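S.K.: missing the sequence, but the structure's below:
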């Protein structure tokens, strides 16, 4: 005699689809890589009418200031390193953000450091859980707000 199953009383709930962290990492790092590619290709950065370096975010179609966004990325990855007891430091990202902010030239050694740092950023981003990434993003936003206060 076949084994009868008990009916489930739990209703099926469709969970919202989430992008895998590998794809989110690519979406996050793509603008940074586009900035680096443009600097290598043309020796230029895209600026707004006021002369502030900007980048285009494909995800939402908006333009954002490059220096604060890159500094925020460095904060995010440095917080990850602290939280996970890793020696990683986003030094090249910080240098790029500072140089873009004050209009300093981007030299060969910095470009080489950026190329060396990007694979580590990809590995870190791809290995994050959704909860860890969300919490780190929230902490980065809080840090930015605190630094913006006089």
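M.R.: Received the coordinates, thanks. As the structure is a computational prediction, the values presented were derived from the model and not from experiment.
S.K.: wait, isn't residue 67 in contact with residue 101?
M.R.: Yes - counting by CB atoms under 8 Å, residue 101 is a contact partner of residue 67 at 3.8 Å. C-betas here are computed from N, CA, C, even on glycine.
S.K.: tell me which of those two has more neighbours.
M.R.: Ranked by neighbour count (other CB atoms under 10 Å), residue 67 and residue 101 place residue 67 first, with 19 against 16.
S.K.: now do the phi/psi pair for that one.
M.R.: The phi/psi pair for residue 67 (degrees, to the nearest 10) reads phi -60, psi -50.
S.K.: after the longest helix seen in the chain, next one along is what?
M.R.: What stands out as the longest helix in the chain, according to DSSP state H, is helix 21-42. Sequence order places strand 54-56 as the next helix or strand after helix 21-42, per DSSP states H and E.
S.K.: other SSEs contacting the helix or strand following that next one?
M.R.: Where DSSP H and E defines the elements, the next helix or strand beyond strand 54-56 is strand 63-65. Packing contacts for strand 63-65, counted by 3 or more CB pairs under 8 Å, 6 or more residues apart in numbering; DSSP states H and E, involve strand 54-56.
S.K.: for the strand it packs on, which helices and strands make contact with it?
M.R.: Counting contacts by 3+ CB pairs under 8 Å, 6+ apart, strand 54-56 packs against helix 21-42, strand 63-65, helix 66-83.
S.K.: quick check: mean pLDDT across the first one?
M.R.: It stands for helix 21-42. Per-residue pLDDT values over helix 21-42 give a mean of 87.
S.K.: out of the helices and strands packed on strand 54-56, the one nearest residue 110 is which?
M.R.: Closest approach to residue 110 among the helices and strands packed on strand 54-56 is made by helix 21-42 (9.6 Å; CB to CB).
S.K.: buried sites along stretch 90-102?
M.R.: 90, 92-97, 99-101 (16 or more other CB atoms under 10 Å).
S.K.: for residue 134, find the nearest of the helices and strands packed on strand 54-56.
M.R.: Per CB to CB, nearest to residue 134 of the helices and strands packed on strand 54-56: helix 21-42, 10.6 Å.
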